[in-house]
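Undergrad: sequence-free structure coming up:
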């Protein structure tokens, strides 16, 4: 469902852009053109503070909330990886904030000063360089954590990260080349639409992966029981403790009601 919403927003972005262009050609400066541009700004994925921005930010914040919840459940159960889940929640919260505040664009100025004349073509948006470096650092920090996830979840998380980073860095660099060569025209709009579409799809996949690790079931006496849904996430810590010390760790609840 969320992927359908993402696809609809991309289609609305391209459709309203085309409508505004056609109106400008047919009746330049008319009220019809102004109306089309107002609607276009509401759905343009290449602009800020509009519906696609809100949707992307909400997706990332949803992922952050679920990651924080998993961190709490794993910590209470004595499992490993609680710190990484908490760290992932912090990273996702920053990405959610970046969607609405465009923090990454503020890296462009300092990066352009360092790169100098090299800020052309693929480096037209100079923030791509420090952004890529930060992404690599974060990836190295989380690589062992991701490898330790259940196989099905691991595949989805890797696919989500690949899609999001391809959109955020690779297509951003390609967009810089197209923008310099052809300007803000059809091909550039398609590249930016693909960029935002991949970021949204990656966020949806990550949200799905986190939800698959949670398990909610009703209690016989009323209420609900929430756990990680995968025994390996909560029992690995206890098993490691027993292996190293020879003593069984007292069981801890893996959920809250």
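TA: Ah, there it is. Computed from a prediction, not measured in an experiment: that's the story for all the values here.
Undergrad: From residue 186, how far out is the residue nearest to the spatial centre of the chain?
TA: The residue lying closest to the centre of the chain (CA atoms, centre = their mean) is residue 203, at 4.0 Å. Here the criterion is CB to CB, to the nearest Å. By it, residue 203 lies 26 Å from residue 186. (Each C-beta comes from the backbone N, C-alpha and C, glycine too.)
Undergrad: again, but for residue 172
TA: 18 Å.
Undergrad: quick one, which of those two is more surrounded?
TA: Applying other CB atoms under 10 Å to residue 172 and residue 186 shows that residue 172 carries more neighbours, namely 22 against 13.
Undergrad: hmm, back to that, looking at it, the residue nearest to the centre of the chain is touching residue 165, isn't it?
TA: No: using CB atoms under 8 Å, residue 203 is not in contact with residue 165, being 11.8 Å away.
Undergrad: Show me the domain layout of the protein.
TA: Recorded structural domains for the chain (assignment: automatic domain parsing) are 1-44, 55-212.
Undergrad: Can you tell me the number of residues neighbouring the nearest residue to residue 54 once chain neighbours are set aside?
TA: Nearest residue to residue 54 in three dimensions, chain neighbours excluded: residue 100, at 7.6 Å (CB to CB, 6 or more residues apart in numbering). Using other CB under 10 Å, residue 100 is surrounded by 15 other residues.
Undergrad: next SSE after the helix or strand residue 100 falls within?
TA: According to DSSP states H and E, residue 100 maps onto helix 82-101. Heading C-terminal from helix 82-101, the first helix or strand you meet, by DSSP H and E, is helix 108-115.
Undergrad: Please spell out which residues along that next one are buried.
TA: Neighbour counts using 16 or more other CB atoms under 10 Å place 108, 111, 112 of helix 108-115 among the buried residues.
Undergrad: Could you check the pLDDT of residue 227?
TA: Looking at residue 227, its pLDDT reads 68.
Undergrad: ok, so what distance separates the residue nearest to residue 54 from residue 172?
TA: Distance, residue 100 to residue 172, by CB to CB: 18 Å.
Undergrad: now what about stretch 195-208, what contacts it?
TA: 2-3, 6-7, 9-10, 13, 45-46, 52, 55-56, 59-60, 62-63, 66, 92, 156-157, 159-168, 171-172, 175 (CB atoms under 8 Å, 6 or more residues apart in numbering).
Undergrad: Could you do stretch 151-160 as well?
TA: Contacts for stretch 151-160 (CB under 8 Å, 6+ apart): 146-147, 149, 202-206, 208-209, 212-213, 230.
Undergrad: Show me which of the residues you listed are buried.
TA: 149, 202, 203, 204, 205, 206, 208, 209, 213, 230.
Undergrad: so where's the stretch 101-250 of the chain shaky on pLDDT?
TA: Scanning the stretch 101-250 of the chain for pLDDT under 70 picks out 117, 216-227, 229-250.
Undergrad: try it again with 90
TA: Low-confidence segments of the stretch 101-250 of the chain (pLDDT under 90): 101-131, 148, 150, 180-186, 212-250.
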